[in-house]
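Undergrad: Take this sequence and fold it.
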Amino acid sequence: MNSSKMKVRPVFIVYSILFIAILILGISYIQLSYVKNHGQTDTYKILKDTKKHRQAIKLSKEPVIIVTNEYPPYVYDDCKNRGFMMEIVEAALDIVEVNYQIEYYSWERCLYMVDNGLAWATFPYVRTDARDEDFVFSNEILSRETTITRFFYYKGNHDFETNPPQNYQDLEGFDIGGMKHYYYQSYFDLHNIKIEHSYLEEELFMKLKEDRIDLVPADYYVGQYLIDRYLPNDHDNFGFFDYDFELDNDNYHLMLDKFNEDADWLIDAFNEGLQIIIENGVYDEILNRHKVTSD
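TA: Here you go, the predicted structure:
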């Protein structure tokens, strides 16, 4: 009886292996037939590459750390109102099932963490030539046809409405306030225009009112939020103007370390998720709910 058992066991193993192999081939044939007839599915496009598949398995167990800072009205550290850009980022990542964790730090700390491999990505960041040297970027999170930046001023101190500066030379002689390490710094440096720095953007608008500075470059929505939040009685006393000279390249992105060999995986996944929520209406629903226009 022992010898007969020894003869049966190898046969059983062989048949089991053959059964599993046939099953795998059948599933593969069905999937490939579907792809041939219906086009590649989003999941198939992401996972067809073996390396990306391994990364997907790894990331499903270890959350991708994404860092940001409060940047109202785009991003809030508030469970009741996270901000419309935070909602867009979360929706794009959720739809492609990326396991992620978002943490809040100062902007300087966010840059340090991404640059030193302590975090995968940070947002919202504007793409500049200087940043292209060290970082890679996702597609635009908020796509706009117009520039996001305006120059704010206090009407009681200056009248820029009828004769706003048209170029960098026109800015000479004015005291300009700005945030340290913000995207516009490199443009001002290039044209030798000095900026009075601050670590608090609301402080810049207070200085405008007090006539301690003349102009502040700021995101349109951020500027309006700061005025309504800190200087509500002066809302009508602040003015702003657009400009025709270069100050920002495009708009806000997810920003990742250029030397992270896995950065392309997260960018591809996020870009795909962003495109999905644009096409299925979630993107516009978020913007409409927050009364934001994308053009």
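Undergrad: drop to CA atoms for contacts and neighbour counts, all remaining ones
TA: Fine.
Undergrad: Just say helix, strand or coil for residue 284.
TA: Assigned by DSSP: H, G, I helix; E, B strand; the rest coil, the conformation of residue 284 is helix.
Undergrad: mind starting the numbering at 19 from now?
TA: Right, with 19 as the first residue, what we last looked at is residue 302.
Undergrad: Which helix or strand contains the spatially closest residue to it that is not a sequence neighbour?
TA: Excluding the flanking residues, the one nearest residue 302 by C-alpha to C-alpha, 6 or more residues apart in numbering is residue 296, at 6.9 Å. Taking DSSP states H and E as the definition, residue 296 sits inside helix 281-297.
Undergrad: show me where this structure has strands.
TA: 82-86, 118-122, 139-144, 153-155, 167-172, 194-197, 213-216, 234-237, 256-259, 270-275 (DSSP state E).
Undergrad: which one of those lies closest to residue 96?
TA: Nearest of these to residue 96, taken as C-alpha to C-alpha: strand 118-122 at 11.0 Å.
Undergrad: Taking strand 82-86 as reference, get the angle to the closest one.
TA: 30 degrees (axes from the mean of the first three to the mean of the last three C-alpha atoms, to 10 degrees).
Undergrad: Just give me how far strand 118-122 sits from the chain centre.
TA: 13 Å (C-alpha atoms, centre = their mean, to the nearest Å).
Undergrad: Equivalent analysis for stretch 236-255, please.
TA: That offset, for stretch 236-255, works out to 24 Å (C-alpha atoms, centre = their mean).
Undergrad: Can you list the buried residues in that stretch?
TA: Buried positions in stretch 236-255, judged by neighbour count with 16 or more other C-alpha atoms under 10 Å: 236, 238, 240, 241, 242, 243, 244, 245, 249.
Undergrad: Alpha carbons only: can I get stretch 295-313 in PDB?
TA: What follows is stretch 295-313 as a C-alpha-only set of coordinates in PDB (Å, rounded to 0.1, in the frame of the first residue of the first chain):
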ATOM      1  CA  ILE A 295     -13.000  62.300 -12.500                       C
ATOM      2  CA  ILE A 296     -12.900  65.000 -15.200                       C
ATOM      3  CA  GLU A 297     -14.700  62.700 -17.500                       C
ATOM      4  CA  ASN A 298     -17.300  61.300 -15.000                       C
ATOM      5  CA  GLY A 299     -18.300  64.700 -13.700                       C
ATOM      6  CA  VAL A 300     -16.800  64.500 -10.200                       C
ATOM      7  CA  TYR A 301     -14.200  67.200 -11.000                       C
ATOM      8  CA  ASP A 302     -16.900  69.800 -12.000                       C
ATOM      9  CA  GLU A 303     -19.100  68.800  -9.100                       C
ATOM     10  CA  ILE A 304     -16.300  69.700  -6.700                       C
ATOM     11  CA  LEU A 305     -15.600  73.000  -8.400                       C
ATOM     12  CA  ASN A 306     -19.300  74.000  -8.600                       C
ATOM     13  CA  ARG A 307     -19.900  73.100  -5.000                       C
ATOM     14  CA  HIS A 308     -17.100  75.500  -4.000                       C
ATOM     15  CA  LYS A 309     -18.200  78.100  -6.600                       C
ATOM     16  CA  VAL A 310     -14.900  77.900  -8.500                       C
ATOM     17  CA  THR A 311     -14.500  78.300 -12.200                       C
ATOM     18  CA  SER A 312     -11.800  76.300 -14.100                       C
ATOM     19  CA  ASP A 313     -11.400  78.900 -16.900                       C
END
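Undergrad: Brilliant, that's me finished.
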